Each structure stands twice: as C-alpha cells, then as structure tokens.
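1. below are the sequence and a predicted model; questions follow.
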Amino acid sequence: MRPIRVLVVDDHALVRHGLVRLLATLDGVEVVGAAEDGESAIRLAAETRPDVVLLDLSMPRLDGMSALPRLREVAPASRVLVLSMHDEPEYAQAAVQMGASGLVSKAASSETLSGAIRAVAAGKTLEPEAGLTPREEEVLSLVAFGRKNEEIARALGIQPKTVEHHCGRLMSKLGVRTRAGLVAHARRIGLRPPAGS
C-alpha cells in the first residue's frame, strides 16, 4: 500500500525538524518536503502533491490561514491539517471554514498526531472539540487513567459528587454515554493526567 505523503510547514526550525524526524518513525508515512513559511509551502505543495499538508498557523511572510486557500488551489487533492498552539474550538472551526480538514494542537501526543494524519488522509474531517473548562479537562484526564471518582476528588480537592457532576457534563459535551466512552475520547485526543496526580 502506498505511504501517506506528508508536507511539513512550520517556521520554527526545531519544530519542523522534530516533526520530520517523528513522521519518519511512523509506518506508512513518508515526508515529501518541509517548508518554513506559507510561500514555500505553496511552491512545495504544487511540486510534490502531498496527501496531507501539516500547516502551522503563525508564520512570517504568509501565515497559515492566508496560505490555506492558495494551497487548496495548487494542490486540490491534498488535505490540510493545521498545527497550532491554540487548540480552542474557534481556531479549528475557522481553519475548517478556510478549507482545512482539521486542527491538531502542538501539545498533542505523537499518537494523536499520527491518528489525525491517517484520518484526514482517509478523507475524514476532524470535528472541533467541544469547549471544555480547565477543571473538566483535569477530570477527563484522570478518568482516562482509570481513577475512580473518590480518587479524582482527592487529587483535585473536590467532592465525589462534584466529580460525578463533571463526568455527566463531559458525557453531554462529548456526545458519549458511558465512562468507557470518556476514556476512549480522552486517549484519542492525547490527554495526560495533571501534574502531581
């Protein structure tokens, strides 16, 4: 089976080289180029016709949002996966409206990034995450690592009933019906337990 051909675009050399090295370790993924700004990205995309463009948003000369429509013009079959330090839903929604197939936070795990690349290469669009409060993220990450409500309550200095309430709100926001669904979702987006828990 043909590998997923990826173009990496980030203005920070360390991030760019790190992504190239990481992607080189993934089965079925081939890096076809690396660019430091939107202008270079458009040129390389036209030359290499990648399956997926990993595109940073904040760059000099031509930022990611401005580059998006031009990338879609020069390489219409390429799927664009935005990489950003901003993982708020509104950034993902704006990127998708501009033609991206989704957004991945730069804080995401390598497993999350790999899954996102494979998903968009397969034609899927990653839906923006429901906006979670910092406390909900803490609860979700502890649930993901098998903690019981009492343990979560102790770790966060809250009551077990409050944990139960947070879990109910998380299920509603994330569209899952069980605790196992919360665990699966948290692991899929690469949540880790809070420091010191």
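-> Sure, I can see it. Numbers count the residues shown, from 1 in each chain.
2. can you report how many residues lie near T25?
-> Residues within reach of T25, counting by other CB atoms under 10 Å, total 9. For glycine as for every other residue, the C-beta is placed from the backbone atoms N, C-alpha and C.
3. distance-wise, check it relative to H166.
-> Distance, T25 to H166, by CB to CB, to the nearest Å: 36 Å.
4. now D51
-> Taken as CB to CB, the span from D51 to H166 is 39 Å.
5. just the C-alphas of stretch 41-57, formatted as CSV.
-> Provided in CSV are the C-alpha atoms of stretch 41-57 (Å, rounded to 0.1, in the frame of the first residue of the first chain):
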residue,chain,number,x,y,z
ALA,A,41,4.6,25.7,1.4
ILE,A,42,2.5,26.6,-1.7
ARG,A,43,5.5,26.1,-4.0
LEU,A,44,6.4,22.7,-2.5
ALA,A,45,2.7,21.6,-2.4
ALA,A,46,2.5,22.3,-6.2
GLU,A,47,5.7,20.3,-6.8
THR,A,48,5.1,17.3,-4.5
ARG,A,49,1.3,17.0,-4.4
PRO,A,50,1.3,15.6,-0.9
ASP,A,51,-1.6,13.7,0.6
VAL,A,52,-1.5,15.8,3.8
VAL,A,53,-0.1,19.2,4.5
LEU,A,54,0.8,19.8,8.2
LEU,A,55,0.4,23.6,8.3
ASP,A,56,1.4,25.9,11.2
LEU,A,57,-0.8,28.9,11.5
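6. distance between that stretch and the chain's centre?
-> Going by CA atoms, centre = their mean, to the nearest Å, the spacing between the C-alpha centre of stretch 41-57 and its chain's C-alpha centre is 18 Å.
7. contact partners of that stretch?
-> Outside stretch 41-57, the residues that touch it by CB atoms under 8 Å, 6 or more residues apart in numbering are 4-12, 15, 19, 32-33, 35, 62-65, 67-68, 70-71, 74-75, 77-84, 86, 91, 95, 100, 117, 120-121.
8. average model confidence for it?
-> Taken as a whole, stretch 41-57 carries a mean pLDDT of 96.
9. okay, now the domains of this protein?
-> As given by automatic domain parsing, the domain ranges for the chain are 4-121, 134-188.
10. name the stretch among these that sits most buried.
-> Highest mean neighbour count among the domains of the chain (mean count of other CB atoms under 10 Å): domain 4-121, with a mean of 19.
11. which element is the spatially most central residue of the chain on?
-> Nearest to the geometric centre of the chain sits V104, at 1.9 Å (CA atoms, centre = their mean). Element membership for V104 (DSSP states H and E) is strand 102-105.
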